[in-house]
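K.L.:
Mind folding the following:
(one chain, ligands or ions: 2)
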Amino acid sequence: MVKQTIQIFARVKPPVRKHQQGIYSIDEDEKLIPSLEIILPRDLADGFVNNKRESYKFKFQRIFDQDANQETVFENIAKPVAGSVLAGYNGTIFAYGQTGSGKTFTITGGAERYSDRGIIPRTLSYIFEQLQKDSSKIYTTHISYLEIYNECGYDLLDPRHEASSLEDLPKVTILEDPDQNIHLKNLTLHQATTEEEALNLLFLGDTNRMIAETPMNQASTRSHCIFTIHLSSKEPGSATVRHAKLHLVDLAGSERVAKTGVGGHLLTEAKYINLSLHYLEQVIIALSEKHRSHIPYRNSMMTSVLRDSLGGNCMTTMIATLSLEKRNLDESISTCRFAQRVALIKNEAVLNEEINPRLVIKRLQKEIQELKDELAMVTGEQRTEALTEAELLQLEKLITSFLEDQDSDSRLEVGADMRKVHHCFHHLKKLLNDKKILENNTVSSESKDQDCQEPLKEEEYRKLRDILKQRDNEINILVNMLKKEKKKAQEALHLAGMDRREFRQSQSPPFRLGNPEEGQRMRLSSAPSQAQDFSILGKRSSLLHKKIGMREEMSLGCQEAFEIFKRDHADSVTIDDNKQILKQRFSEAKALGESINEARSKIGHLKEEITQRHIQQVALGISENMAVPLMPDQQEEKLRSQLEEEKRRYKTMFTRLKALKVEIEHLQLLMDKAKVKLQKEFEVWWAEEATNLQVNSPAVNSLDHTKPFLQTSDSQHERSQLLSNKSDVNARKILPSPCPSPHSQKQSSTSTPLEDSIPKRPVSSIPLTGDSQTDSDIIAFIKARQSILQKQYLQLLCSLFPKSAVSSAQASTNRKGLSDVLVTR
Ligand code: ADP
Ligand code: MG
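P.N.:
Numbers count the residues shown, from 1 in each chain. Ligands and ions are numbered 1, 2, ... in the order given. Okay, here's the model as predicted:
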C-alpha cells in the first residue's frame, strides 16, 4: 500500500503577447519546496482583492515555467505515475486551469509539431516500450475515452462513424454496485496491442471531441475529457491478475461565468462546467477536512467518475495550468488556491489483484492431468475415474476373506490405489452398519420375547474392566504387604514360644506378641481386604482346595492359630514324613525317567547297528558272489544279546516307574486327606476355644462377637442373623472372644471382619513388652483385666435394672454374654 498526498505541479503557459515583467516569480531553491509568487500590479491590487495584498505565494511539487518543454513535463509528472501503473497501482493525472491556460496542450499536446506531443501520447509510447521490455508477465492494454459535457457522458471511441455532433455518440451512464464501485455503462474498452493502435484510438477520440467546438475558444472545450489506459498483467501460469488504470484528465476551463460574457446556451454550458468543477472543489474540500464522513461524489458525473482517483485507491497528480497574464491573474490565483487544497488530500493506493477462477480451474485441470500421467507412468496402468465391476467384486472378496481370516497378522492388500482403498473403507463401513442394525433388531426382539436385561453396553464393560484392573493392582500391593507382615508375625510367634496349653488356660484367644504398635499397624494394613488370604493359600493341592475352600477365607489371626495348631498336632509328623517320602519318590521317579530315556536311546542305537551290520553282510555277499549266511555272525550275536539286555532293563525300570507313579499319587491323596483332617480338627478346636471364652468371660459383649472363619459378606449376613436369633445358642457358641475393653468395643464395631477376627487386646493397656517380658506376665495381665471388666459390667447392670433382675443376670453372665442378658430383658 502506498500512502501519499496528491502531488501538485504548476505549469505556466508562455504569453501570447510579450512577457510582462514582475507579475510572478518562481523560487526553486533545492533545499526548499518550490514556490510560485504572484505579484499583483498596484492598479490591480486595489480593485481585485479586498485586503490589498500585493503578492501571493503558492507551494508546488514543482513549477514548470514557460520554457519547460513537453518532454520535461512528461518526464517529471507523467513518467512516475506511468511507472506505478505498470507496477499495478491506479494513477490519475488531471489538468486544472482556466480556458486557454494549456490544459489540452499539456495532456494531449499541440497539433502542429511532433515535439509538442502531450502526456497521453508520450505515456502510451512509454508504457508500450516497457511492456515490450518485460517478458516475465503477460500484459493486456485497453483504452477508453470519455467526454463529459453538460453532465452527460459520451464515448469518444465509438468506431461506427465520425460523429457530426456529441449527441450522435453513445451516451455513457454511471452504475454503482453494492460495494460502491463505479461502472460506466456504454463506455467501450478497446484493446490496443501496440502503441500505434493506442494512438489511433486517441486520434479517433480527439476527432470526435472537436465537434463541440464553441465560439469562445476554438482550441479549448467546455467539456471534461478522461482518457484511460487499462492495464492488466499476470505471470504465466499464475491465476492472479493485476489490474491498473491510468486516468489522464483534461478538465473544462475553471473560469467564472461572469468572465465569459456569453449568454443563452453558452451560459448554461458555463454553469454546468463551473457547477461540476464546483462539485469537484466541494469533494476536494471534504476530503481535505479530517473526520468528514460524507464525501459528495454523487453530485456530478465528473466527481463520480473520478471518485476512485480523489481520496481513494490511486496515485493522483494535479497539474495547475496558469496563464499568468495581467488579465488572468485572478483566475490563476484561484487555480493555485484550488491546488493547495488538493495537496492536502491523502490517497492510499493498493495493488488491484484478483484471482481469476477460470484460470484457477484451468491450472488445476492441467495439474490433475499431469498427475494422472505421472501415475500412469509409475504404475504402468491407465486408470479410469471409477473401478470396474470386476474390480469391485474382487475387492469385496478380498475383504470377506480378510474378515474371516483368524490370523491376526493377515493383511488386506489392495496396492497403492486410493480408489480401491476408499472402496474398502466404504464396504467395511457398510458391513459394520448392517451388523449393527442386525444386532439392534435381535436385541429388541429378544427383549420383547424374554423381557431380559439389556446386555452390558460397551462403555459399562470398559468401566468394569478398568475397575477390575485397579482392584487387581490393589490386591497385589496388599498381598505383598501382608506377606511381609505375616513373616514378621511368625517370627514374633516363634520368639515368644508360647505354650499352647498355657494359652488355653488363660482363656484368651491367641494374640500377637512383640511390639504392640507393630501389631496395630499390622491389623490396619491387613484390614482392607480378604483377598490376600486367597493369594497366600493359593498353592494348596486341588483336593484340599476343594474340600476346605473356607481355609482361604481364614483371617490372618486364625491362620496364625492354625499354624501353631498344625505344628503341635500329632499328624503333622505323619504329614512331614509323607512329604519327605514324596520328595524322595519324586526324585527317584525323575532319575528313573532319565534312565528309561537313556535305555530307550541305547536300544535305538543297537537296533541301528544291527541293521547296518546286516546290510554290510549282504553287500559283502553280493560283491564276492557268495551266498548270504543264514546264521548271524558273532558280532551281530553280541549286539543282539546287548539289545535284549537293554530291553529287559527298560522294562524293569518302566514297571518301577509305573509303581512309583501310583505311589506318588497315593501319597499326595494321603497328604491332602491328612491336611483336611487337620483343618477339621483345628476348626473344632477353634470353636471350643471360642465357647470356652464365652463361658469363662462374663464381661463379654456379644454384639462384638465374630465368627472365626467365614469372613465374607455372606458370613456377615449369617452373623447378623445369628445375633438376632437368640434361641440359636449353638450358633452363638462358636463366636470367638469378645474385646476386653470398651475402647476396643467401640473400635471393633466399625472395624472390618478381618480386623475383628484377629484376637485382640487393648493396645494401650498392654504393658510395653521388652525382650525380658515373659508370657506368664502377659497372661496374668489379661486375667486381671478381665476381672475388672467383669466388675464394670455388673455395675452397669445395677444402674440399668432392678436388683432382682441383676442378681439373676449376675448368675447368668457367668454363662452367657451381655447381649444374651439384654435380649432376655
Ligand atoms: P486549454 O485547453 O486550457 O483551454 P489549450 O491547451 O488549448 O488551453 O491552449 C491554448 C493555446 O495555447 C493553444 O493554442 C496551445 O497551443 C497554446 N499553448 C498552451 N500551452 C502552451 C505551452 N506550454 N507552450 C506553447 N503553447 C502553448
Ligand atoms: Mg482545452
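K.L.:
Please identify the buried residues of stretch 665-673?
P.N.:
Buried residues in stretch 665-673, counting neighbours by 16 or more other Cβ atoms under 10 Å, are found at 667, 668, 671, 672. Every C-beta, even on glycine, is put in place using the N, C-alpha and C of the backbone.
K.L.:
Kindly indicate whether the second one is helix, strand or coil.
P.N.:
Think residue 668. helix (DSSP: H, G, I helix; E, B strand; the rest coil).
K.L.:
before we move on, the earlier item: in a markdown table: the buried residues of stretch 665-673, plus pLDDT and distance to ligand 1.
P.N.:
A markdown table is the format used below for those (pLDDT from 0 to 100; distance: Cβ to the nearest ligand atom, whole Å):
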| residue | pLDDT | distance to ligand 1 |
| --- | --- | --- |
| 667 | 80 | 135 |
| 668 | 81 | 130 |
| 671 | 80 | 132 |
| 672 | 78 | 130 |
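K.L.:
Out of these, the closest to residue 458 would be?
P.N.:
residue 672 (44.4 Å; Cβ to Cβ).
K.L.:
Could you check how far the closest one is from residue 155?
P.N.:
Relative to residue 155, residue 672 is positioned 118 Å away (criterion: Cβ to Cβ, to the nearest Å).
K.L.:
Export the buried residues of stretch 665-673 as a markdown table, with columns for distance to residue 348.
P.N.:
Converted to a markdown table, the buried residues of stretch 665-673 look like this (distance: Cβ to Cβ, whole Å):
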| residue | distance to residue 348 |
| --- | --- |
| 667 | 106 |
| 668 | 102 |
| 671 | 103 |
| 672 | 101 |
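K.L.:
Go through those and say which is closest to residue 134.
P.N.:
Closest approach to residue 134 among the buried residues of stretch 665-673 (Cβ to Cβ): residue 668, at 103.4 Å.
K.L.:
Looks like the closest one contacts residue 582 (just checking).
P.N.:
Yes - Residue 668 lies in contact with residue 582 (Cβ atoms under 8 Å); the separation is 6.9 Å.
K.L.:
ok, so of the buried residues of stretch 665-673, who is nearest residue 389?
P.N.:
Of the buried residues of stretch 665-673, the one sitting nearest to residue 389 (Cβ to Cβ) turns out to be residue 668, at 69.2 Å.
K.L.:
Farthest-apart pair in the buried residues of stretch 665-673, please.
P.N.:
Maximum pairwise distance in the buried residues of stretch 665-673, criterion Cβ to Cβ, is 9.7 Å, between 667 and 672.
K.L.:
List the contacts of residue 277.
P.N.:
By Cβ atoms under 8 Å, 6 or more residues apart in numbering, the residues touching residue 277 are 251, 252, 254, 302.
K.L.:
of those, the lowest pLDDT goes to which?
P.N.:
By pLDDT, residue 254 ranks lowest within the contacts of residue 277, coming in at 85.
K.L.:
residues near that residue, how many?
P.N.:
If you count neighbours by other Cβ atoms under 10 Å, residue 254 ends up with 23.
K.L.:
what's the helix or strand for the closest residue to residue 596 other than its chain neighbours?
P.N.:
Nearest residue to residue 596, sequence neighbours excluded (Cβ to Cβ, 6 or more residues apart in numbering): residue 653, at 5.0 Å. Per DSSP states H and E: residue 653 is located in helix 634-696.
K.L.:
Stretch 344-359: which residues count as buried?
P.N.:
Of the residues in stretch 344-359, those buried (16+ other Cβ under 10 Å) are 345, 347, 349.
K.L.:
Go through the residues you listed and name the one nearest ligand 1.
P.N.:
Nearest to ligand 1 among the buried residues of stretch 344-359, counting by Cβ to the nearest ligand atom, is residue 345 at 22.6 Å.
K.L.:
Skip the chain neighbours and tell me the closest residue to the residue of the chain found nearest ligand 2.
P.N.:
Here the chain gets closest to ligand 2 at one residue, residue 104, 3.1 Å apart by Cβ to the ion. Nearest in space to residue 104, with sequence neighbours left out and distances taken as Cβ to Cβ, 6+ apart, is residue 250 at 5.5 Å.
K.L.:
wait, that neighbour sits on residue 107?
P.N.:
Yes - in this structure, residue 250 is within contact of residue 107 by Cβ under 8 Å, at 4.2 Å.
K.L.:
Which one's more surrounded, these two?
P.N.:
Taking other Cβ under 10 Å, residue 250 and residue 107 do not tie; residue 250 has more neighbours (27 against 23).
K.L.:
give me every residue that touches that one.
P.N.:
Taking Cβ under 8 Å, 6+ apart, we find residue 250 in contact with 94, 95, 103, 104, 107, 108, 224, 225, 226, 227.
K.L.:
between those residues, which is nearest residue 369?
P.N.:
Taking Cβ to Cβ as the measure, residue 369 lies nearest residue 227 of the contacts of residue 250, at 43.8 Å.
K.L.:
Can you lay out the contacts of residue 250 as a markdown table showing distance to ligand 1?
P.N.:
Formatted as a markdown table, the contacts of residue 250 follow (distance: Cβ to the nearest ligand atom, whole Å):
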| residue | distance to ligand 1 |
| --- | --- |
| 94 | 12 |
| 95 | 7 |
| 103 | 4 |
| 104 | 3 |
| 107 | 8 |
| 108 | 8 |
| 224 | 11 |
| 225 | 10 |
| 226 | 14 |
| 227 | 14 |
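K.L.:
could you dump the residues you listed to TSV with pLDDT and secondary structure?
P.N.:
Below are the contacts of residue 250 laid out as TSV (pLDDT from 0 to 100; DSSP: H, G, I helix; E, B strand; the rest coil):
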residue	pLDDT	secondary structure
94	94	strand
95	96	strand
103	95	helix
104	93	helix
107	96	helix
108	95	coil
224	91	strand
225	93	strand
226	95	strand
227	96	strand
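K.L.:
What residues sit buried inside stretch 593-602?
P.N.:
Buried, per 16+ other Cβ under 10 Å, within stretch 593-602: 595, 596, 599, 602.
K.L.:
Kindly reformat the residues you listed as JSON lines containing distance to residue 135.
P.N.:
Converted to JSON lines, the buried residues of stretch 593-602 look like this (distance: Cβ to Cβ, whole Å):
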{"residue": "595", "distance to residue 135": "101"}
{"residue": "596", "distance to residue 135": "99"}
{"residue": "599", "distance to residue 135": "101"}
{"residue": "602", "distance to residue 135": "99"}
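K.L.:
Could you list which of those also contact ligand 1?
P.N.:
Applying Cβ under 6 Å from any ligand atom to these, one finds that nothing falls near ligand 1.
K.L.:
Restricted to helices, list those.
P.N.:
Per DSSP state H, helices hold the following members of the buried residues of stretch 593-602: 595, 596, 599, 602.
K.L.:
Relative to ligand 1, which of these is nearest.
P.N.:
residue 596 (131.8 Å).
K.L.:
Contacts only, for that closest one.
P.N.:
Residue 596 makes contacts with 650, 653, 654, 657, as judged by Cβ under 8 Å, 6+ apart.
K.L.:
what is the mean pLDDT for the strand or helix carrying residue 608?
P.N.:
Taking DSSP H and E as the definition, residue 608 sits inside helix 571-623. Mean pLDDT, helix 571-623: 86.
K.L.:
cool, and stretch 457-472?
P.N.:
For stretch 457-472, mean pLDDT rounds to 83.
K.L.:
Spit out the contact partners of the residue nearest to residue 28 when sequence neighbours are not counted.
P.N.:
Leaving aside its sequence neighbours, residue 28 sits nearest to residue 34 (Cβ to Cβ, 6+ apart; 4.7 Å). Taking Cβ under 8 Å, 6+ apart, we find residue 34 in contact with 26, 27, 28, 59, 60, 61, 62, 63.
K.L.:
which SS class is the last one?
P.N.:
Looking back up the chat, that one is residue 63. Here residue 63 is recorded as strand under three-state DSSP.
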